[in-house]
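> Have a look; sequence and predicted model below, questions after that.
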Amino acid sequence: MSIKIALAGNPNCGKTTMFNDLTGSSQYVGNWPGVTVEKKEGKLKGNKDIIIQDLPGIYSLSPYTLEEVVSRNYLINEKPDSIINIVDATNIERNLYLTTQLIEIGVPVVMALNMIDLIRKNGDIINTKKLGEMLGCEVIETSALKGIGSKDAAQKAVELAKSRTNSVSHNIFSDAVEKALSKIEDIIRGSLNDLNLRWFAIKLFERDEKIKDQITLDGNTKSEIEEIISDCESKFDDDGESIITNERYEYISKIIKQAVHKSNKVEVSISDKIDRVITNRILALPIFAGIMFLVYYFSISTVGGWMTDWINDNLFGDFVPNNVQWILNSIGTADWLNSFILNGIVAGVGAVLGFVPQMAMLFLCLAILEDCGYMSRIAFIMDRLFRRFGLSGKSFIPILIGTGCGVPGIMSTRTIENERDRKMTIIVTTFIPCSAKLPIIALITGALFRGSAWVAPSAYFVGIAAIIISGIILKKTRLFSGKPAPFVMELPPYHVPGVKGVLVHMWERSKSFMKKAGTVILLATVVIWFLSSFNSRMQLVDIESSMLASIGRVIAVIFTPLGWDNWKAAVATITGLIAKESVVGTFGILYGFSTVGDSGAEVWGRLHASFTMLSAYSFLIFNLLCAPCFAAIGAVRTEMNSGKWTLFSAGYQTGFAYIIGMIVYQIGALFTGKTFGVGSAVAILLIVLLIYLMVRKPRTIDTELRDPVMERKEVV
């Protein structure tokens with residue numbers, strides 16, 4: 001029979017490093033059922049019967065953030081056989097708050113006193129025996145980064161699980177509070193069967209709404225409990241939750257005085273010295289810009305770009321197609337099957353794998369920045385600026401990464417704890433032009449604007465403006481409104497990243513991308529191949545006579561208010577959903593060119609005859625802001641963990657793109673001599689609507705839509 005051990009601890013305590021050390025490659029990453037919080041699970045190296053469950057990093061078991069809700073539900077409802085509580089020894093007072101809560105659950109707890117090497121280096125002393133006695137749990141000294149003590153902690157957790165020896169929950173509160181808790185325990189004893197009475201009594205004392213809903217109590221019982229709590233609140237002149245919080249910290253202070261002895265050395269740490277420069281109000285942003293430029297340059301333009309180019313140009317551009325075609329010709333397969341395999345399957349697989357090197361390099365760089373402690377500083381620096389637009393400081397990182405590719409930009413939103421802010425960031429991230437949109441910008445600039453230098457920068461300004469406007473508008477809707485969650489983040493000390501942990505992180509993220517986003521784009525490629533290769537009579541035809549062309553002629557009417565109603569532009573927009581750079585290639589095929597360069601110079605002349613400068617710029621804006629490629633949509637589906645949210649995201653982006661494209665064309669047409677008409681009036685009304693949505697008062701959150709992430713109370 002397998003034994004489940006849960007890893008629990010504060011963010012940045014070394015929990016992930018210990019998880020990787022204990023499980024190695026025997027792990028998988030997914031999402032908790034029904035939510036987008038990441039779920040990591042693995043098997044203990046050398047013992048497949050021991051399952052290690054890595055819980056989200058949390059500060060307490062109070063149900064304010066989605067991570068805390070997930071962790072608490074797992075610990076209370078599913079009950080692991082034992083818990084390893086990873087505690088940052090350098091910040092032990094703050095970490096012990098969670099420890100006192102875990103011990104109350106009634107599950108065996110082993111404290112892994114992590115980063116003990118730093119404590120010894122500083123000359124501090126922690127009496128682990130005294131610490132364990134006062135808390136009522138086993139204490140093991142560890143340094144997960146250096147592989148010290150992790151196995152010992154796991155072994156002790158296994159022993160306790162087998163012997164079912166629970167940790168001892170001492171009476172840590174004052175006599176008045178303990179007396180009140182005892183009374184509540186007696187009242188609820190018959191309603192909970194074998195569940196932990198003390199845990200539930202404390203939560204009822206704190207007026208925890210989720211626990212109230214979980215326990216079936218009649219009106220008289222509820223009134224009796226409320227009277228006990230109110231009496232205690234009158235004595236302390238404070239609310240129940242604050243009373244428990246304050247008394248926990250008083251107890252923790254007693255533990256620190258007796259078990260922790262700080263050295264008298266008063267030195268400025270290396271991390272503090274670095275932060276004086278890194279987080280400086282003037283230098284912080286330029287330094288960050290320089291670092292992210294290097295990340296982008298390494299991942300997209302150099303190492304990652306070289307590998308991607310080799311895969312696209314040589315592996316899937318030459319070697320694989322040629323050899324597959326030779327095999328198909330040698331066995332005499334039908335033309336439609338050749339087209340399906342080469343243009344559908346091989347092209348689809350190549351499109352997916354072409355992304356992987358850049359993804360892997362970006363994930364590698366981000367893992368290094370996160371593991372060394374720098375990523376936390378960036379969120380802290382950007383929070384003040386982004387809050388003005390309704391976004392989190394952590395939203396800046398995905399948006400910046402999105403300039404290279406929207407897929408890793410979307411996936412990097414996992415660093416945003418606030419679920420509403422995270423979803424909003426996912427929706428707006430792909431507004432920023434990615435590298436795949438550069439060929440469209442080059443095509444329009446060269447064909448219609450004679451290479452004008454202002455067109456490309458304007459595309460980025462439009463993307464940034466779309467992010468800001470959308471952030472303001474969405475934050476005032478019921479789905480995203482509410483008081484912004486306090487930005488609570490501890491800045492961990494800088495340290496050299498662990499090679500093993502960084503590589504494991506890169507592999508897990510890359511594997512996840514290939515499995516999920518790859519499936520979506522492969523399926524989409526096959527569908528587009530089918531539509532572009534057959535007519536309604538299921539005959540193999542050229543693209544001019546295909547179903548795709550027929551569809552393009554039908555939907556072209558939709559784009560008339562945007563100034564481009566020719567079916568070829570509509571078809572190019574559709575194929576751009578597979579990969580944005582395919583817009584240029586589609587124009588080349590439709591205008592009779594077998595191959596075109598990235599800038600599409602071959603079709604400039606014919607494109608110039610199909611567009612005016614104004615309609616071309618409207619076409620550019622729509623394709624930059626509308627729903628991203630299928631790979632990015634697949635990433636949205638993965639991160640949102642919901643088909644409805646994915647449709648909402650793509651629908652909002654496309655609708656917003658249509659509105660902006662229409663405003664640009666219709667208002668621009670007025671300035672170029674067009675007569676005022678219905679389109680002009682609609683465009684003006686849309687401008688008024690956007691302004692109203694930006695300046696109106698925020699909508700209140702419906703009870704059923706209330707998200708605990710939006711109402712976090714900072715525990716001080």
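Okay, I see it.

> Okay, and Ser182 sits in which element?
Here Ser182, judged by DSSP states H and E, is contained in helix 175-188.

> Please state the offset of the following helix or strand past that helix from the chain centre?
Moving toward the C-terminus from helix 175-188, the next helix or strand (DSSP H and E) is helix 197-205. Averaging C-alpha positions (CA atoms, centre = their mean, to the nearest Å) puts helix 197-205 34 Å from its chain's average.

> could you dump helix 197-205 to CSV, C-alpha only?
Extracted in CSV, the C-alpha atoms of helix 197-205 (Å, rounded to 0.1, in the frame of the first residue of the first chain):
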residue,chain,number,x,y,z
LEU,A,197,-12.0,18.7,16.9
ARG,A,198,-9.3,21.2,17.9
TRP,A,199,-8.7,22.2,14.3
PHE,A,200,-12.4,22.8,13.6
ALA,A,201,-12.9,24.6,16.9
ILE,A,202,-10.2,27.1,16.0
LYS,A,203,-11.6,27.7,12.6
LEU,A,204,-15.1,28.2,14.0
PHE,A,205,-13.6,30.7,16.5
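
> for the stretch 551-700 of the chain, which spans come out with low pLDDT?
Along the stretch 551-700 of the chain, segments meeting pLDDT under 70 span 581, 584-586, 588-604, 699-700.

> can we see that at 90?
551-557, 563-613, 616, 629-635, 637-643, 669-677, 679, 694-700 (pLDDT under 90).

> what mean pLDDT would you report for the helix holding Ser182?
The average pLDDT within helix 175-188 is 90.

> Check which helices and strands it sits against.
helix 197-205, helix 219-236, helix 240-259 (3 or more CB pairs under 8 Å, 6 or more residues apart in numbering; DSSP states H and E). Yep, even glycine has a C-beta here, placed from its N, CA and C like the rest.

> Let me know which of those is tucked in deepest.
With neighbours defined as mean count of other CB atoms under 10 Å, those peak in mean count at helix 197-205, which reaches a mean of 22.

> Mind giving me the packing neighbours of the helix or strand just after that helix?
Counting by DSSP H and E, the element after helix 197-205 in chain order, helix or strand, is helix 209-214. Applying 3+ CB pairs under 8 Å, 6+ apart, one finds that helix 209-214 makes contact with helix 197-205.

> helices or strands next to the helix it packs on in the packing?
helix 92-104, helix 175-188, helix 209-214, helix 219-236, helix 240-259.

> separation between the residue nearest the centre of the chain and Arg422?
Here the mean C-alpha position of the chain is nearest to the C-alpha of Arg414 (CA atoms, centre = their mean), at a distance of 2.1 Å. Distance check for Arg414 against Arg422: by CB to CB, to the nearest Å, it reads 8 Å.

> likewise Ile691?
For Ile691, the distance to Arg422 - CB to CB - is 27 Å.

> Same question for Asn10.
Taking CB to CB, one finds Asn10 at 20 Å from Arg422.

> Next: Ile469.
From Ile469 over to Arg422 (counting by CB to CB), the distance is 19 Å.

> now swap in Asn114 and tell me
27 Å.

> quick one, which of Ile691 and Arg422 is more surrounded?
Arg422 (24 against 11; other CB atoms under 10 Å).

> right, and the more buried one touches Ile410 too?
No: the criterion here is CB atoms under 8 Å, and Arg422 misses it with Ile410 at 10.2 Å.

> which residues do those two both contact?
Common neighbours of Arg422 and Ile410 (criterion: CB atoms under 8 Å, 6 or more residues apart in numbering): Glu639.

> if we can go back for a sec, in TSV, list the helices and strands packed on helix 197-205 along with distance to Ala556.
Below are these laid out as TSV (distance: least, CB to CB, whole Å):
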stretch	distance to Ala556
helix 92-104	59
helix 175-188	67
helix 209-214	53
helix 219-236	64
helix 240-259	60
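
> Compare the mean pLDDT across these and name the weakest.
helix 209-214 (a mean of 79).

> any residues touching that one, and which ones?
63, 69, 200, 203-204.

> Name the residues of it that are buried.
Ile211 (16 or more other CB atoms under 10 Å).

> next one: that helix to chain centre, how far?
29 Å.

> what kind of secondary structure is Ile51 in?
What DSSP: H, G, I helix; E, B strand; the rest coil gives for Ile51 is strand.

> these two touch, right, it and Phe19?
No: the criterion here is CB under 8 Å, and Ile51 misses it with Phe19 at 11.8 Å.

> Tell me which of the two has more neighbours.
Between Ile51 and Phe19, counted using other CB under 10 Å, the more crowded position is Phe19 (25 against 19).
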